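**Student:** got a predicted structure plus its sequence, pasted below:
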Protein chains: 2
Amino acid sequence: MCRVAGILLVEDDPSVRTGLELALTRQGHSVTAFSTGEEALDHIRARRPEIVILDVMLPGIDGVEVCRRIRRLDQLPVILLTARGDDLDVVVGLEAGADDYVVKPVEPRVLDARIRAVLRRVESASSDRISFGDLVIDRGALKVTQAGREIHLTPTELRLLLELVRHPGQVLNRRYLLRVVWDHSHVADSRLVDACVQRVRAKIEPVPAEPVFIHTVRGFGYRFSPP
Amino acid sequence: MCRVAGILLVEDDPSVRTGLELALTRQGHSVTAFSTGEEALDHIRARRPEIVILDVMLPGIDGVEVCRRIRRLDQLPVILLTARGDDLDVVVGLEAGADDYVVKPVEPRVLDARIRAVLRRVESASSDRISFGDLVIDRGALKVTQAGREIHLTPTELRLLLELVRHPGQVLNRRYLLRVVWDHSHVADSRLVDACVQRVRAKIEPVPAEPVFIHTVRGFGYRFSPP
DNA sequence: GTGCCGTGTCACAGTTTCGTGACATAAGGG
DNA sequence: CCCTTATGTCACGAAACTGTGACACGGCAC
């Protein structure tokens, strides 16, 4: 399953910003972009990106200072990006707590490789998550988010969704789901599964009546398949 | 802050090797140098360096291959060093599992800064002190402070908090916590964990009723995640 | 169209789970 | 031994969750 990172990109030059945004999105990442440090810090507090890519030269608070402030809060990975390749800048940037320092112009695939290298380090102990479009399911944190927004699922709903997601593209029948999710090996028929599926749909489907994640297979059961 | 690392340097060009060895030693590191990958791999098995700096162009096994073999063994941090700055080389090197990729010639202080950046990341997971906002947990001194003020936690409370903090963002269920913190491998159900969590919350949460550190995940357990 | 079957939807009450405070018990220091 | 502190247990109320059944709806065969 294609690993995707929630990237926060901060770059004031519009052409560079949209260029990188496009390139990183094409690599499979989910990117949010801002042009100032203040906006970025606000965004970090609200949503929680997996990694921050910061241009050093920013209007207002500069990138190095943003990096220091991020470090004061937590361990969020930061890659600094700059047009200047001055040795002193590199040293100052890294000492501000950045995980890497990349000089522009940078090949998208190189930036991607560096992002993955940093994330590999950070995530070696971290949880496994899978994403389907803007739907992210974190099995370690038992958290489901959609477009960065957390979706609250009750225990049974979560177990059901996890079971469906474990077999993407496969049709799971009601008896199987009852046994695995509810531990009802005896109960033959009930509206239980349907009701739970409907509750999950109401929470994760943009239009519950036309589901894009959990599909009904009439006469058989349900199938999870991403859009 | 002056962390000193045991560095393994692998570089076949004698003048570059002695130059870097000298420079890094001067920065306060303890350096061991070899000129071939085989020697390096033997040394890694025998001693255990904190970080490996690997020239890519080596006689015999090349640096990227050495890096792959190191990765197959463990998480030992690796910085690749090369004369070529080809984009493809960078990508290949990082995908082999390297933590950073530096192009020669490199200023010693830049290399030093990159070494420290990689080590900082590696050690943050196992370091003695971690901070989450104004909450600082010192695992070495077994002390917890908030906004500079020391918070007194009882032994059990501290063990519980440390266990939660050891898996930030992960949901830990009650049975696991009972086993690890209390060594109750048999007890199935008890309000013990809940009561202890409540006590820790009363001490570290600004508003215990609306916890920002220790979150309840109904039906599953508790999760420590910084605000 | 008509009837049938499978599914979607909803509200509600019973049940489970959790937070909290009170209290008993245990441990440890003087 | 006594006092303090720490730990475990319990009970209760509040809140959250779940199962259930009734009914609506829609596809499908005839």
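**Tutor:** Alright, I've got the coordinates.
**Student:** list the contacts of A:Leu164.
**Tutor:** Going by CB atoms under 8 Å, 6 or more residues apart in numbering or on different chains, A:Leu164 touches A:Leu172, A:Ile214, A:Tyr222, A:Arg223, A:Phe224. For glycine as for every other residue, the C-beta is placed from the backbone atoms N, C-alpha and C.
**Student:** mind picking the two most distant members of these?
**Tutor:** By the measure CB to CB, A:Leu172 and A:Ile214 form the most distant pair in those, at 10.2 Å.
**Student:** okay, and the common contacts of the two?
**Tutor:** A:Leu164, A:Tyr222, A:Arg223.
**Student:** tell me which strands the helix or strand of chain A with the lowest mean pLDDT pairs with, and in which orientation.
**Tutor:** Ranking every helix and strand in chain A by mean pLDDT, DSSP states H and E puts strand A:129-132 at the bottom, with a mean of 81. Strand A:129-132 pairs in its sheet with strand A:135-138 (antiparallel), by DSSP bridges.
**Student:** buried ones in the least confident helix or strand of chain A?
**Tutor:** A:Arg129, A:Ile130, A:Ser131, A:Phe132 (16 or more other CB atoms under 10 Å in any protein chain shown).
**Student:** so what's the first one bridging to?
**Tutor:** Translated: A:Arg129. In this entry, A:Arg129 is beta-bridged to A:Asp138, by DSSP bridges.
**Student:** that one and B:Leu192, how far apart?
**Tutor:** Distance, A:Arg129 to B:Leu192, by CB to CB, to the nearest Å: 31 Å.
**Student:** between the buried residues of strand A:129-132, which is closest to B:Gly63?
**Tutor:** Taking CB to CB as the measure, A:Arg129 is the one of the buried residues of strand A:129-132 closest to B:Gly63, at 32.4 Å.
**Student:** I'd guessed the closest one sits against A:Leu142; true?
**Tutor:** No: the criterion here is CB atoms under 8 Å, and A:Arg129 misses it with A:Leu142 at 10.6 Å.
**Student:** low-confidence ranges, chain A, go.
**Tutor:** A:1-5, A:47, A:73, A:123-127, A:184-189 (pLDDT under 70).
**Student:** quick check: longest helix of chain A.
**Tutor:** Across chain A, the longest stretch assigned as helix under DSSP state H is helix A:108-123.
**Student:** show me what contacts A:Pro211?
**Tutor:** A:Arg201, A:Glu205.
**Student:** before we move on, what about A:Val31?
**Tutor:** Counting by CB under 8 Å, 6+ apart, A:Val31 has contacts A:Ile7, A:Leu8, A:Leu9, A:Leu20, A:Glu21, A:Leu24, A:Thr25.
**Student:** check which helix or strand covers the last one.
**Tutor:** In this structure, A:Thr25 is located in helix A:14-26 according to DSSP states H and E.
**Student:** past that helix, which element shows up next along the chain?
**Tutor:** strand A:30-34.
**Student:** ok, then the element right after that following strand?
**Tutor:** Where DSSP H and E defines the elements, the next helix or strand beyond strand A:30-34 is helix A:37-46.
**Student:** and that next one, what does it pack onto?
**Tutor:** Secondary-structure packing of helix A:37-46 (3 or more CB pairs under 8 Å, 6 or more residues apart in numbering or on different chains; DSSP states H and E): strand A:6-10, strand A:30-34, strand A:51-55, helix A:63-73.
**Student:** helix, strand or coil for the residue in chain A that DNA strand C sits nearest to?
**Tutor:** Residue nearest to DNA strand C within chain A: A:Thr216 (3.6 Å; CB to the nearest atom of the strand). Three-state call for A:Thr216 (DSSP: H, G, I helix; E, B strand; the rest coil): strand.
**Student:** quick one: contacts of the helix holding A:Thr25?
**Tutor:** With contacts defined as CB under 8 Å, 6+ apart, helix A:14-26 is touched by A:7, A:9, A:11, A:31, A:33, A:35, A:53, A:55, A:104, A:108, A:111-112, A:115.
**Student:** what is the nearest of these to A:Pro206?
**Tutor:** Nearest to A:Pro206 among the contacts of helix A:14-26, with distances taken as CB to CB, is A:Val31, at 20.7 Å.
**Student:** partner residues bridging the closest one?
**Tutor:** When assigned by DSSP bridges, A:Val31 has beta-bridge partners A:Ile7.
**Student:** distance of it relative to A:Gly148?
**Tutor:** A:Val31 is 12 Å from A:Gly148, by CB to CB.
**Student:** spell out which residues of chain A are next to DNA strand D.
**Tutor:** A:152, A:154-157, A:182, A:187, A:190-192, A:195-196, A:218 (CB under 7 Å from any atom of the strand).
**Student:** and if we set it to 6 Å?
**Tutor:** For chain A, the residues in contact with DNA strand D (CB under 6 Å from any atom of the strand) are A:Thr154, A:Pro155, A:Thr156, A:Glu157, A:Trp182, A:Ser190, A:Arg191, A:Leu192, A:Ala195.
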